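>>> Here is a sequence together with a model predicted from it:
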Amino acid sequence: MKAERLDAYVIRQSASVVEAMQKIDLNARGILFVTDEEEKLSGVITDGDIRRWLLKTGDLKGDVQQIMNKDPKVIYSKGEKAAKAFMEQYTITALPVLTSDNHISDIIFKEAQKASGKPGSQRVLDGIPVVIMAGGKGTRLYPFTKILPKPLIPIGDIPIMERIINIFRSFGAKDFYATVNYRKSMIKSYFAENTPGIRLNYVEEEKPLGTAGSLSLLGHTFDTPFLVTNCDVLIHADYADIFHYHQRAGNELTIVTALKNIVVPYGVIHSSENGRIDSMEEKPRLSYFVNTGMYILEPKLLEDIPKDTFFHMTDLADKLLKEGRKVGMYPISEDSFLDMGEFEEMRRMEEKLNLKAE
């Protein structure tokens, strides 16, 4: 492996959690090997390690050294031929090859397994309802939405809502509900011929009710946790792990969140009293977790949604927090969240999905 490619999978132990998430996004392998100041291997960190750290601490300012596994599996140059058997023995998908003084000379990867690789993960959402909020006008995408409803705007040659359904189907989901209002007849006509193997029910709004208000129109109470998603986002994550996390955590509401990095395009001044400048910072980077528009709800929450009232999911979350009830988040990386809400984001979504050649 050439040095520039090798660098994509290596990070210094002093790097921040945010830097590690960004680098894992870019290499698309879910793993980084950690080196010390002398560039010797000191550990390994995966996207799962980072997620567990964030769920436990919520700390984006931690460094890689706090999170990494300090005893990674390795082989040395002379044992490279035995790498495949070694990886099978220890069930690992990436193996660093070290020189005699513990510098990384190569990394051997095993072909990625489908989904999460866990038995039954592809069926975890079988019997779990999925509600797609598809009633909005999509004003940010005008003039496209003057012709098509937002759920039918194509990403590549497949409408965004169909792509969302296909992701959920890959984890076993079959029971779908779509809340519809604007140009609902076009949505129904398209999916009448494009939903084999699933049940797609429609919840019709007579007036806009917000991202949670339309749930009051479902007409019955679910007996399992259910998922709600906006119709203009694609979430690339392990839905089995998200669902199991919600159950393990005992949350009433789980919000899937994504890291968002914002660079201030100016030099920032830090000052104190009397106009005194304490320090200056050139183009600082701010990092936050943002709401992706995907949620898991316990069925009893339907009782907390007012009837015939405009009510957003954020209103529901605020209500639960004020009452001291359990609201949790499941963090994903910035690159795992694709939002179609604006034209620039549509282009990014197509590039991420490698659809330019389709």
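Structure's in. What do you need? Since the structure is predicted, the reported quantities are computational estimates derived from the model, not experimental observations.
>>> and Met340, how many neighbours?
As a burial measure, Met340 scores 23 neighbours (other C-beta atoms under 10 Å). All C-beta spots, glycine's among them, are computed from the backbone N, C-alpha and C.
>>> so it sits right up against Ile160, yeah?
Yes: Met340 is within contact range of Ile160, at 5.4 Å (criterion: C-beta atoms under 8 Å).
>>> List phi and psi for the closest residue to Met68 other than its chain neighbours.
Computed as C-beta to C-beta, 6 or more residues apart in numbering, the closest residue to Met68 that is not its neighbour in sequence is Gly43, at 3.4 Å. Backbone geometry at Gly43, expressed as degrees, to the nearest 10, gives phi 180, psi -180.
>>> What is the burial count for Gly43?
20.
>>> in stretch 229-236, what counts as buried?
229-235 (16 or more other C-beta atoms under 10 Å).
>>> farthest pair in those?
Cys231 and Ile235 (12.3 Å; C-beta to C-beta).
>>> Report all helices and strands that the longest strand along the chain contacts.
Determined from DSSP state E, the single longest strand within the chain is strand 285-297. Packed against strand 285-297, as judged by 3 or more C-beta pairs under 8 Å, 6 or more residues apart in numbering; DSSP states H and E, are the following elements: strand 226-230, strand 233-235, helix 239-249, strand 253-263, helix 313-322, strand 327-332, strand 337-339.
>>> just the angle between that strand and strand 327-332, please?
Relative orientation of strand 285-297 versus strand 327-332 (axes from the mean of the first three to the mean of the last three C-alpha atoms, to 10 degrees): 120 degrees.
>>> Buried residues, strand 285-297. List them.
Under the neighbour-count criterion of 16+ other C-beta under 10 Å, strand 285-297 has 287, 289, 291-297 buried.
>>> Take those and lay them out in CSV including distance to Tyr76.
Formatted as CSV, the buried residues of strand 285-297 follow (distance: C-beta to C-beta, whole Å):
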residue, distance to Tyr76
Ser287, 37
Phe289, 40
Asn291, 47
Thr292, 43
Gly293, 48
Met294, 44
Tyr295, 48
Ile296, 45
Leu297, 51
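>>> Check which helix or strand Met280 maps to.
Assessed by DSSP states H and E, Met280 sits inside strand 277-282.
>>> Adjacent strands (with direction) for that strand?
strand 267-271 (antiparallel) (DSSP bridges).
>>> circling back: just the closest of the buried residues of stretch 229-236 to Arg52, please.
For those, the nearest to Arg52 is Ile235 (18.9 Å; C-beta to C-beta).
>>> Correct me if wrong: the closest one contacts Asp335.
No: between Ile235 and Asp335 there is no contact under C-beta under 8 Å: 11.3 Å.
>>> Please enumerate the shared neighbours of Met340 and Ile160.
Residues touching both Met340 and Ile160 (C-beta atoms under 8 Å, 6 or more residues apart in numbering) are 150, 153, 232, 234.
>>> Export these as TSV, with columns for distance to Ala258 and pLDDT.
Below are the shared contacts of Met340 and Ile160 laid out as TSV (distance: C-beta to C-beta, whole Å; pLDDT from 0 to 100):
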residue	distance to Ala258	pLDDT
Lys150	20	83
Ile153	21	84
Asp232	14	88
Leu234	11	91
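>>> Let's have these in TSV, adding distance to Ile262.
Shown next, in TSV, are the shared contacts of Met340 and Ile160 (distance: C-beta to C-beta, whole Å):
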residue	distance to Ile262
Lys150	25
Ile153	26
Asp232	21
Leu234	21
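>>> so which of the residues you listed would you say is closest to Glu38?
The shortest approach to Glu38 among these belongs to Leu234, at 41.6 Å (C-beta to C-beta).
>>> Would you enumerate the residues in contact with that closest one?
Residues in contact with Leu234 (C-beta under 8 Å, 6+ apart) are 155, 160, 163-164, 167, 337-338, 340, 349, 353.
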